[in-house]
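Trainee: This is a predicted model, with the sequence first.
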Amino acid sequence: MEIRIIIKRIKACETRRDLADQIGYVLANIGKTTIADSMDAKGILSRHGFSYVSDEFSYLPPRPIGFGLASWPGDCEDVRKVLYDTITAAAVRIRASEGVESAIPLGAADPWQGMLMVQQWCDVAPGEADTDEEEELDVEHSEDFTTVTWYGEKFTFNTTQAQCVALLWAEWKKDPKSNMALHQRTIRDWIQSSNANFRLSHVFRVNGKAHPAWGRMIHGNDQASFYLGKPPRKKAERRKKAKK
């Protein structure tokens, strides 16, 4: 499907559900396509409406097409921004039609991360952007996820850590009680890490020690799948509860 058709569909969205579906299409069919070599790259670009891009390609290592667009020749860099701008404009228009004020995450430095954040906004029912449940949980994050409050505890993250947290947050938002997890290979692909031995535990290490959020906010189902979950009670809290 050509990009111009995708843009047309995005502009035609009337509800958050419609917009979420279109964002999902972009992320699934463009943002996560893998490129094996330069010939494969030209074929994929052509199929997705990038046929006007120069035929002069150097070798491109395997990488997600969405995150790779910024480093390619021609007008690819502009396409990323056009898609993101079209999606955010649609979100603003849909919010206006609802007649309800809710904060839309706008202005992300990376268009693909920005699309993911707008998709999260779409999953919140109109008028429930700041739900009573979230107020009770005391969870919030800055626009770029470099600062997060998790059950009252404040954490700060570097850029790479923040990208990982944003992905885990999107899964958590689907159902905060279900411990929805992502495999670290999925996280590696989305943040465009070139490390073949990528380990999420290594990303969340500070000066040789585990990040304060590790085990408090970020939990693992096993050695390779991780989710955001409620922090375990600290020993002092458990002793206090036992005395009662």
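Mentor: Done, it's in. The structure displayed is predicted, hence computed values, not measured ones.
Trainee: avg pLDDT for stretch 226-234?
Mentor: Rounded to a whole number, the mean pLDDT of stretch 226-234 is 85.
Trainee: Give me the buried stretch members for it, please.
Mentor: Along stretch 226-234, these residues count as buried under the neighbour rule (16 or more other CB atoms under 10 Å): F226, Y227, L228, G229. Backbone N, C-alpha and C define where each C-beta goes, glycine included.
Trainee: What lies in contact with it?
Mentor: Applying CB atoms under 8 Å, 6 or more residues apart in numbering, the external contacts of stretch 226-234 come out as 150-151, 153, 165, 168-169, 171-172, 179-182, 184, 187, 200, 215-221, 241.
Trainee: Can you pull the domain assignment for this structure?
Mentor: Using automatic domain parsing, the domain ranges for the chain come out as 1-127, 131-244.
Trainee: worst average pLDDT in those domains?
Mentor: The bottom spot among these, by mean pLDDT, belongs to domain 1-127, with a mean of 68.
Trainee: Could I get the CA-only coordinates of the lengthiest helix in the chain as CSV?
Mentor: Identified as the longest helix of the chain according to DSSP state H is helix 76-98. Once side chains and other backbone atoms are set aside, the C-alpha atoms of helix 76-98 remain, and they are given as CSV (Å, rounded to 0.1, in the frame of the first residue of the first chain):
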residue,chain,number,x,y,z
CYS,A,76,12.7,8.9,3.4
GLU,A,77,13.4,11.1,6.4
ASP,A,78,10.6,13.4,5.5
VAL,A,79,8.2,10.4,5.2
ARG,A,80,8.7,9.5,8.8
LYS,A,81,7.7,13.0,9.9
VAL,A,82,4.8,13.3,7.5
LEU,A,83,3.3,10.1,8.9
TYR,A,84,3.7,11.2,12.5
ASP,A,85,2.4,14.7,11.8
THR,A,86,-0.6,13.3,10.0
ILE,A,87,-1.3,11.0,12.9
THR,A,88,-1.0,13.7,15.6
ALA,A,89,-3.2,16.1,13.6
ALA,A,90,-5.9,13.3,13.4
ALA,A,91,-5.6,12.8,17.2
VAL,A,92,-6.2,16.5,17.8
ARG,A,93,-9.2,16.5,15.5
ILE,A,94,-10.7,13.4,17.1
ARG,A,95,-10.2,14.9,20.6
ALA,A,96,-12.0,18.1,19.5
SER,A,97,-14.9,16.0,18.1
GLU,A,98,-15.2,14.3,21.5
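Trainee: Fine, thanks again, bye for now.
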